[in-house]
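S.K.: coords please:
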Amino acid sequence: MARFGMVIDTSKCIGCMDCVAACKTENDVPDGFCRDWIVTEVTGVFPDLSMEIRSERCNMCDNPPCVHCCPTGASHVSDFGKLVQINADMCIGCKACLAACPYGARYTHPDGYADKCTFCDHRLKVGQDPACVAVCPTHCMHFGDLDDPNSEVTELLNSRESKTLLPEAGTEPRVHFLTDKAKQ
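M.R.: Numbers count the residues shown, from 1 in each chain. Predicted structure coming up:
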């Protein structure tokens, strides 16, 4: 059974926000909300600065606190791709999952239920990439089965150093960001 994940090469991301626009369009995300977003992080001390541009979203964690705290089971891990999903009909809008997510990846939909990135599971089920991956002009985003040793995402993770966001949170995120360093 697949365990879907994403690998993003931040050295190629230009912050164009095509991924954000594609997601909003594909998933009919209401105005004023988003399921993915662009973060720019500058590190160093002037004049030796470096900048990283990242496309961020739900990290589809292997240890998702949003699922563990949900009182109704609306937040759950699907059999398909082991994706962290929300059943809007079961959600009571208590916001426990919003508080539990260390990545700020969830929001309350105007209709009263929690919402977030789904990796466009409706597209995955018909063999398409998530909308964000499909439209990326620099091809910095890669999607696939992290448990398949021959998948593109696994090969990328085996060839280059990578990081995840907030590893100290213990969530075991499945969105990985490649660094410029090749693995030794």
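S.K.: list the contacts for Met17?
M.R.: Going by Cβ atoms under 8 Å, 6 or more residues apart in numbering, Met17 touches Ile38. All C-beta spots, glycine's among them, are computed from the backbone N, C-alpha and C.
S.K.: give the contact list for Ile53.
M.R.: Counted by Cβ under 8 Å, 6+ apart, Ile53 has contacts 10, 13-15, 38-40.
S.K.: Pick out the most distant pair among these.
M.R.: Within the contacts of Ile53, Ile14 and Val39 form the most distant pair, 13.4 Å apart (Cβ to Cβ).
S.K.: where's the residue nearest to His139 when sequence neighbours are not counted relative to Pro71, distance?
M.R.: Sequence neighbours aside, Lys12 is the residue nearest to His139 in space, at 6.9 Å (criterion: Cβ to Cβ, 6 or more residues apart in numbering). Remark: distance between Lys12 and Pro71 (Cβ to Cβ, to the nearest Å) = 41 Å.
S.K.: pLDDT at the nearest residue to Leu124 once chain neighbours are set aside, what is it?
M.R.: Nearest residue to Leu124, sequence neighbours excluded (Cβ to Cβ, 6+ apart): Gly81, at 6.5 Å. For Gly81, the pLDDT comes out at 96.
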